[in-house]
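Student: Structure, please.
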Amino acid sequence: MAEFSNDKAGINPLEERARLTALHSLGILDTPAEPGYDAITRLAVDYFQVDSAIIAFADDTRVWVKSNWGEMPRELPRANSMFDFVLAEDGPVVICDISQHPDTQGRMLHLHRLEVRFVASVPVRAFDGNVVGMLSIFGKQMRPALTPNELRTLVNLAVMVSNQLELHKLRRARSGVAQAGRPLRARRRHRGRGPRICGGPSIVTSWCCFISRKSTWSRSGLSVSKL
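Tutor: Below you'll find the predicted structure:
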C-alpha cells in the first residue's frame, strides 16, 4: 500500500452527523478499561513489533483512547488528528515517516513530541458501516509500508474491535431491558403473583453468541475483499 496523501475534500456534514449518531448509540465513550480491548492493543504491539498501539473513538471535538499499550495520551484533540486522515481515506492509512511527510507538517504535534516516526491506522466501524474510531500502531523508528499480509492482519484486529463494540451494545440493551422490567416485577410480587421467567438469560446469551459469530464472518469477508 502506498503512503497516504490527503487530497480529499472536507467532511460531509450529513455523513458526520450519521457517524456521531452511530458512535453515541454505542455508549462506549468514557467507559473504563476492558480486558477485551487491551488484549487487542497488546497483540498489535507484539505482532508488529512497534512501541505502542491504541484503540480510539472520535466525537466532534476529541479522540478518546479506550485502550493503549505503550506510551500514548488518553485523549487527543480531534483537529488535525490521525483519525481525520483515516475518516477522509475511509480505509487504512500508513505513514512511514511523519517527520518527512508533507501532510503531517504542523499537525499531530503530540506524535512529534513523543518522537513517533511510523504510524499505521485502520478504521473501526460500527455495525452500520460508519467509522467511529481507529486502531493505530506507532513506532519511534521509520519503517517500510506494511505488507499486504500485515495490513490484512491490522484490519482484522480492527474487526475484532468492532465485534467487541457490538457485544458492548447488546449488553447495554440487555441491562436496559432488565432495569425497565424491575418496577413491573416489584408490583407483581406485591400482589403475591411473582413473575415466572424461564430460560431468559440463556436465550439472551445464545443470541449474543450468534450475533458475534455472524458479525465476525461477514466483516472478516468484507475487510479482506477490500484489500
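
Student: any idea which helix or strand carries the closest residue to A126 other than its chain neighbours?
Tutor: Setting aside the residues directly before and after it, A126 is nearest to A22 in space (Cβ to Cβ, 6 or more residues apart in numbering), at 4.3 Å. Glycine gets a C-beta too; all of them are placed from N, C-alpha and C. When secondary structure is defined using DSSP states H and E, the element that contains A22 is helix 13-26.

Student: if we can go back for a sec, let me know how buried the residue nearest to A126 is, in neighbour terms.
Tutor: Using other Cβ atoms under 10 Å, the number of residues around A22 comes to 18.

Student: Let me see the contact set for it.
Tutor: A22 makes contact with 126, 128, 130, 132, according to Cβ atoms under 8 Å, 6 or more residues apart in numbering.

Student: Who wins on neighbours among the residues you listed?
Tutor: Looking at the contacts of A22 with neighbours defined as other Cβ under 10 Å, the largest count falls to V132 at 27 neighbours.

Student: Which pLDDT value goes with N163?
Tutor: You'll see N163 listed with a pLDDT of 96.

Student: likewise E16?
Tutor: Reported pLDDT at E16 in the predicted model: 96.

Student: Could you check how far R174 is from H168?
Tutor: The gap separating R174 from H168 is 11 Å, by Cβ to Cβ, to the nearest Å.

Student: Most widely separated two among the contacts of A22?
Tutor: Across the contacts of A22, the longest distance by Cβ to Cβ is 9.6 Å; it joins D128 and V132.

Student: list the buried ones in the helix holding A22?
Tutor: Buried residues in helix 13-26, defined by neighbour count with 16 or more other Cβ atoms under 10 Å: 19, 22-23, 26.

Student: and the residue nearest to A126, how far is that from F57?
Tutor: A22 sits 11 Å away from F57 when distances are taken as Cβ to Cβ.

Student: what's the answer for V65, then?
Tutor: 8 Å.

Student: ranges for the strands of the chain?
Tutor: Using DSSP state E, the strands of the chain run over 52-58, 62-69, 75-77, 93-95, 118-125, 131-139.

Student: can you list the ones you listed in a markdown table and add distance to V45?
Tutor: Formatted as a markdown table, the entries for these read as follows, by distance: least, Cβ to Cβ, whole Å:
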| stretch | distance to V45 |
| --- | --- |
| strand 52-58 | 5 |
| strand 62-69 | 5 |
| strand 75-77 | 19 |
| strand 93-95 | 17 |
| strand 118-125 | 12 |
| strand 131-139 | 7 |
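
Student: Nearest residue to F85 in space, ignoring adjacent ones along the chain?
Tutor: V93 (4.9 Å).

Student: Would you mind confirming that that neighbour makes contact with V86?
Tutor: Yes - using Cβ atoms under 8 Å, V93 makes contact with V86 at a distance of 5.2 Å.

Student: Now list whatever residues contact both of these two.
Tutor: Each of 121-122 lies in contact with both V93 and V86 under the rule Cβ under 8 Å, 6+ apart.

Student: Tell me which residues touch the nearest residue to G36 once chain neighbours are set aside, please.
Tutor: Spatial nearest neighbour of G36, excluding adjacent residues (Cβ to Cβ, 6+ apart): Q164 at 5.0 Å. By Cβ under 8 Å, 6+ apart, the contact list for Q164 reads 34, 36-37, 40.

Student: okay, these in JSON lines with neighbour count next?
Tutor: Output for those, formatted as JSON lines (neighbours: other Cβ atoms under 10 Å):
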{"residue": "E34", "neighbour count": "13"}
{"residue": "G36", "neighbour count": "14"}
{"residue": "Y37", "neighbour count": "23"}
{"residue": "I40", "neighbour count": "21"}
